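Trainee: here you go, sequence then predicted model.
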Amino acid sequence: MNYEAVIGLEVHVHLKTRTKAFCGCSTEFGQEPNSQVCPVCLGFPGSLPVLNKVALEYAIKVGLALNCAVQEFTKFDRKHYYYPDLPKNYQISQYDLPISKDGFLDIYLESGVKRIRIKRAHLEEDAGKLIHEQAGSLVDFNRTGIPLLEIVSEPDINSPQEAYEYLTSLKSIIQYLGVSDCDMEKGSLRCDANISIRPKGTSGLGTKAELKNMNSFKGVKDALTYEIERQTVMANNAETITQETRLWDTRELKTIVMRTKEEAKDYRYFPDPDLPPFIISKEKISEIKKTLPELPREKMLRFIKDYALSEYDAKILVLSKKDADYAEECLKVYKSKDKKAMVNWLIGPLLAEANIRNRGLSDLGVLAGDLADLIGFVERQEISNLSAKSVLAQMIITRKPAAVIIKDKNLIQISDASSLEGIVEEVIKENPKSASDYRAGKDNALMFLVGQVMKKSQGKANPKVVQDMLKGRLK
Ligand SMILES: [Zn+2]
């Protein structure tokens with residue numbers, strides 16, 4: 001039988017506030033263990049939590065950016081469980097009245113735009129960190145109480161690729177808002193997935209597994225792919241799929257059972273008596289709405305309109321706000337009306353250099369004006385495309401402008417036919433078979449001869465001029 005996957009994602013993001021969600025402790029990453037703690041986040045009896053106003057505003061921003069209805073009345077609840085790194089024995093979270101709900105996020109697929117509904121986004125506090133060593137386990141409470149926003153999608157995602165696109169778009173929006181750095185390595189963005197399968201074309205929901213411990217978007221994709229296969233094999237063998245939480249094993253590349261899944265009732269939620277309900281006025285919400293920046297989708301549409309970019313190119317350029325700002329600066333200083341050449345340089349050689357270094361386009365130290373200058377050299381046929389790429393690499397390493405590197409390395413192309421004549425004649429003489437092949441109608445032979453001339457000129461001949469010269473002589 002043919003099955004389709006039904007996937008819902010739960011994403012936790014650290015909100016980048018200076019202090020924790022309910023106390024004044026610092027949230028700075030990488031400090032001495034247990035140096036950022038106080039009676040509130042350590043759960044001492046008699047201590048009282050006070051909500052961080054900025055965390056609330058950040059949560060509202062994300063809700064609005066995800067097209068959610070931000071609730072005017074919201075409250076916090078206690079979610080009970082015993083964890084050594086959350087010493088209150090409950091987590092302050094939101095149960096039935098989350099701060100925002102009923103939103104959506106549009107993702108771009110090869111088949112078109114798909115809308116993924118957002119069920120809810122609620123504020124809660126993070127737990128600490130356990131470090132397991134041979135001699136025993138250690139606990140660091142620095143992370144305990146850092147504000148987390150949990151964003152829960154509806155099960156509208158039907159493939160690992162869609163999950164990947166959803167996460168990429170979500171991360172991009174949150175980074176644009178400036179409310180989280182979304183760094184998965186530091187744990188400031190984490191993702192759990194609910195996944196079940198059903199016969200294709202049906203609408204019911206199968207028994208789901210919850211996947212945890214996926215440390216990258218690729219990990220999410222791989223874990224989902226594995227789990228779809230596992231459940232499909234079980235269904236085809238008429239085995240019963242049980243509801244459980246499974247861990248993604250990054251070494252074995254498979255999911256393993258962690259525990260059978262608890263139900264909401266197991267957590268014994270009840271309203272936290274230490275925190276009053278919060279009333280957020282319509283005015284406050286619209287005030288926050290006015291502070292939202294241009295978001296990736298709006299920026300993408302504007303790039304398409306203002307610079308005549310394709311949707312594909314625009315989508316790549318707007319992914320990170322910093323890179324989008326840099327790209328726009330490049331497009332502006334590049335004076336040609338048709339921006340295609342600049343776009344090709346941005347998403348071609350420059351992006352390749354950025355990827356090698358695991359950096360963004362804007363982090364390479366190439367000034368917009370210098371990149372435009374480099375493209376000018378190519379367009380005036382003063383240097384070849386190939387040398388231009390090596391000049392770009394040198395620009396990144398040395399931080400020197402294109403013109404200086406081109407002069408230092410003596411890269412200006414030879415476009416003057418009389419200077420090339422000798423080499424062209426030589427190459428024809430040395431390759432009589434290719435010459436006669438070309439005369440016999442084999443166009444590939446010409447490209448071979450051009451290549452030989454390029455080689456002899458140490459890459460400095462203008463290939464267009466060489467091609468014309470060879471054609472003239474081989475008529
Ligand atoms: Zn504290």
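Mentor: Arrived safely, thanks for sending.
Trainee: any idea how far the residue lying closest to residue 366 once chain neighbours are set aside is from the ion?
Mentor: Once flanking residues are discounted, residue 366 sits nearest to residue 395: 5.5 Å by Cβ to Cβ, 6 or more residues apart in numbering. Every C-beta, even on glycine, is put in place using the N, C-alpha and C of the backbone. Plainly put, residue 395 is 47 Å away from the ion if you go by Cβ to the ion, to the nearest Å.
Trainee: cool, residue 30 as well?
Mentor: In terms of Cβ to the ion, residue 30 sits 17 Å off from the ion.
Trainee: hang on, the earlier thing: the residue nearest to residue 366 touches residue 374, doesn't it?
Mentor: Yes - with contact defined as Cβ atoms under 8 Å, residue 395 reaches residue 374; the gap is 7.2 Å.
Trainee: hey, what's in contact with both of those two?
Mentor: When contacts are counted by Cβ atoms under 8 Å, 6 or more residues apart in numbering, residue 395 and residue 374 are jointly contacted by residue 402.
Trainee: and stretch 117-137, which residues are buried?
Mentor: Using 16 or more other Cβ atoms under 10 Å as the test for burial, stretch 117-137 gives 118-128.
Trainee: need those residues in TSV with distance to the ion and secondary structure, can you?
Mentor: As requested, the buried residues of stretch 117-137 are exported to TSV (distance: Cβ to the ion, whole Å; DSSP: H, G, I helix; E, B strand; the rest coil):
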residue	distance to the ion	secondary structure
118	30	strand
119	30	strand
120	27	strand
121	24	strand
122	21	strand
123	16	strand
124	15	strand
125	10	strand
126	12	coil
127	13	coil
128	11	coil
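Trainee: and for the longest helix belonging to the chain, what's in contact with it?
Mentor: Under DSSP state H, the helix in the chain containing the largest number of residues is helix 217-236. With contact meaning Cβ under 8 Å, 6+ apart, helix 217-236 is reached by 1, 3, 5, 7, 9, 160-161, 163-164, 167-168, 184, 191, 193, 195-197, 206, 209, 211, 214, 240-241, 246, 248, 250, 253-255.
Trainee: name the nearest residue to the residue of the stretch 351-475 of the chain found nearest the ion, ignoring sequence neighbours.
Mentor: Taking Cβ to the ion as the measure, the point where the stretch 351-475 of the chain comes nearest the ion is residue 360, at 33.6 Å. Computed as Cβ to Cβ, 6+ apart, the closest residue to residue 360 that is not its neighbour in sequence is residue 323, at 4.9 Å.
Trainee: flag every buried residue along the host helix or strand of that neighbour.
Mentor: According to DSSP states H and E, residue 323 maps onto helix 321-333. For helix 321-333, the neighbour count (16+ other Cβ under 10 Å) marks 321, 323-324, 326-331 as buried.
Trainee: also stretch 178-196?
Mentor: Quick answer for stretch 178-196 (16+ other Cβ under 10 Å): 179-180, 182, 184, 188-196.
Trainee: out of those, which one has the weakest pLDDT?
Mentor: Among the buried residues of stretch 178-196, residue 184 carries the weakest pLDDT, at 88.
Trainee: quick one, what contacts it?
Mentor: So residue 184 contacts 190, 215-217 (Cβ under 8 Å, 6+ apart).
Trainee: before we move on, back to that, what's in contact with the helix holding residue 323?
Mentor: Contacts of helix 321-333 (Cβ under 8 Å, 6+ apart): 175-176, 293, 296, 299, 303, 307, 317-318, 339, 342-343, 346, 360-363, 368-369, 371-372.
Trainee: how about 7 Å then?
Mentor: 175-176, 299, 307, 317-318, 339, 342, 346, 360-362, 368-369, 371-372 (Cβ atoms under 7 Å, 6 or more residues apart in numbering).
Trainee: which stretches of the stretch 251-400 of the chain have low pLDDT?
Mentor: Counting by pLDDT under 70, the ranges of the stretch 251-400 of the chain that qualify are 261-264.
Trainee: which residue ranges of the stretch 1-150 of the chain form helices?
Mentor: Assigned by DSSP state H, counting those that start in this stretch, the stretch 1-150 of the chain shows helices spanning 53-65.
Trainee: quick one: the strands in it?
Mentor: 3-14, 69-70, 73-74, 77-80, 90-93, 100-109, 112-125, 129-133, 136-140, 147-153 (DSSP state E, counting those that start in this stretch).
Trainee: columns mean pLDDT on top of those strands, output as JSON lines?
Mentor: Shown next, in JSON lines, are the strands of the stretch 1-150 of the chain (pLDDT from 0 to 100):
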{"stretch": "strand 3-14", "mean pLDDT": "97"}
{"stretch": "strand 69-70", "mean pLDDT": "97"}
{"stretch": "strand 73-74", "mean pLDDT": "96"}
{"stretch": "strand 77-80", "mean pLDDT": "96"}
{"stretch": "strand 90-93", "mean pLDDT": "96"}
{"stretch": "strand 100-109", "mean pLDDT": "95"}
{"stretch": "strand 112-125", "mean pLDDT": "97"}
{"stretch": "strand 129-133", "mean pLDDT": "92"}
{"stretch": "strand 136-140", "mean pLDDT": "95"}
{"stretch": "strand 147-153", "mean pLDDT": "98"}
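Trainee: of those, which stretch is the most buried?
Mentor: Mean neighbour count (mean count of other Cβ atoms under 10 Å) peaks for strand 147-153 among the strands of the stretch 1-150 of the chain, with a mean of 23.
Trainee: what packs against the next helix or strand after that strand?
Mentor: Once strand 147-153 ends, the next helix or strand along the chain (criterion: DSSP H and E) is helix 160-177. With contacts taken as 3 or more Cβ pairs under 7 Å, 6 or more residues apart in numbering; DSSP states H and E, helix 160-177 sits against strand 3-14, helix 53-65, strand 100-109, strand 189-199, helix 217-236, helix 296-307.
Trainee: just the buried subset of the contacts of helix 321-333, written out for ChimeraX, thanks.
Mentor: Here is the ChimeraX command that selects the buried residues among those (16+ other Cβ under 10 Å):
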select :175,176,299,307,317,318,339,342,346,360,361,362,368,371,372
